[in-house]
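Visitor: sequence and computational prediction follow.
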Amino acid sequence: MSATIPVDGWHYTSVVVRDYRQVVSHFARFFGIARWEVTRIDGKRLSHATYEGQPVTHRYIRVVGRNADLGIELIQPVDGASSYQAMLDTVGEGMHHVNATHCTPDVFAALRPMLSEMGVGIRQSGSFCDAMDSYLLDTRALLSNIQLEVVCPRRSDWRDMLQPDEVLAFDLAQLGPQFLRTSRMFHVGVVCRDRHIAKENLRKLVGMERWIEFNVESGKTMNDTTYYGEPVHHAYDNHVGRIGELCFELITPRTDKCVYDEFLKERGEGMHHTYPALCSKAEFTAALPELEKHGMPVIQGGTIGDLMEFYYIDTRRYLPGITTEVVIPLRDDWLTVMFPDPRDAWILTGE
């Protein structure tokens, strides 16, 4: 199998929510995104809709915000059977899929034999305004519940055909200071029962060939490890892989008393956290009181020598279902010391 799904950019990370009106300002403030386009998807815009192989009539609200470095899509199901409603009914709100592929219908048609050979079906699909087709690939079994969306434009002005019903323009200064300086989406962290399986299938599906690996254990490769504010011993292993902008961290816990094991027990495999923040110790210390004031405390942390600290912020109520990772370099040369090969450093940061 030589053909792989083309990755042309990390267009957005999609999050299923119960009520976008309650949380869109949270995403705006947290990620520093002022403009959000609200589109009500129904029979006026959507045709030839399918879900799990059957024709379906469903409605949902799509809210998209972007800045120069990242995109977020919020989806609120309204009625009818859909992958979005199925998620709410089973595990609740949280990250649902990523979109990193815009390709022509011919390119997607050429991929279908490879997808069929790997057992990847189309979980949900539809045509929008006769201008663009969307395919939600059912990669859950292969990729630890990651789902990939492929968008196939059918005309050059397809974006112009998909005009929003409403534009929300937030005054970010009025929302309050941004909690942390976020930049790009460095990666999405995925909890896996067996990270090797997801790694191999990402290689086959999207050509994610080069990986860095960590075998992490308290007292051996990291220190000062905490879980909900208490000192703890835990161990987990991960792979981090990147192709272009798209990057996944695949994590398999080896012990309990860590956020990954907690997620696995509560929700099963899936997309657990975002890593959008790389900041100084002073910036993080200054941000903590405001984060805690809004119900976002540190729930896990640790240090790697004198190179870096890392923390997980409990943003699951503020950004429904999502935990946020923050990395704090302690030395200017932290990245080159950890990864002497610049190709490996690039995997972690994209730079």
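Guide: Perfect, I can see it now.
Visitor: can you show me the strands along the stretch 1-150 of the chain?
Guide: Assigned by DSSP state E, counting those that start in this stretch, the strands in the stretch 1-150 of the chain fall at 12-16, 35-41, 46-51, 54-55, 59-66, 71-79, 94-102, 121-128, 132-138, 148-153.
Visitor: mean pLDDT added to these, as JSON lines?
Guide: Shown next, in JSON lines, are the strands of the stretch 1-150 of the chain (pLDDT from 0 to 100):
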{"stretch": "strand 12-16", "mean pLDDT": "98"}
{"stretch": "strand 35-41", "mean pLDDT": "97"}
{"stretch": "strand 46-51", "mean pLDDT": "98"}
{"stretch": "strand 54-55", "mean pLDDT": "98"}
{"stretch": "strand 59-66", "mean pLDDT": "98"}
{"stretch": "strand 71-79", "mean pLDDT": "98"}
{"stretch": "strand 94-102", "mean pLDDT": "98"}
{"stretch": "strand 121-128", "mean pLDDT": "98"}
{"stretch": "strand 132-138", "mean pLDDT": "98"}
{"stretch": "strand 148-153", "mean pLDDT": "98"}
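Visitor: nearest to residue 342, out of these?
Guide: Residue 342 lies closest to strand 94-102 among those, at 23.1 Å (C-beta to C-beta). Where you see a C-beta, it was placed from the backbone N, CA and C, and this is true even at glycine.
Visitor: how far off centre is that closest one?
Guide: A distance of 7 Å separates the centroid of the chain from that of strand 94-102, by C-alpha atoms, centre = their mean, to the nearest Å.
Visitor: could you do stretch 77-84 as well?
Guide: Its chain's C-alpha centre and that of stretch 77-84 lie 20 Å apart, by C-alpha atoms, centre = their mean.
Visitor: pull out the buried residues from the one helix or strand residue 225 maps to.
Guide: Element membership for residue 225 (DSSP states H and E) is strand 223-227. By neighbour count with 16 or more other C-beta atoms under 10 Å, strand 223-227 contains the buried residues 225, 226, 227.
Visitor: now swap in stretch 265-275 and tell me
Guide: The neighbour-count check on stretch 265-275 (16+ other C-beta under 10 Å) flags 267, 269, 270, 271, 272, 273, 274, 275 as buried.
Visitor: tell me the span between the first and last residue of that stretch.
Guide: Distance between the boundary residues of stretch 265-275 (C-alpha to C-alpha, to the nearest Å) amounts to 22 Å.
Visitor: what's the mean pLDDT across that stretch?
Guide: Stretch 265-275 shows a mean pLDDT of 98.
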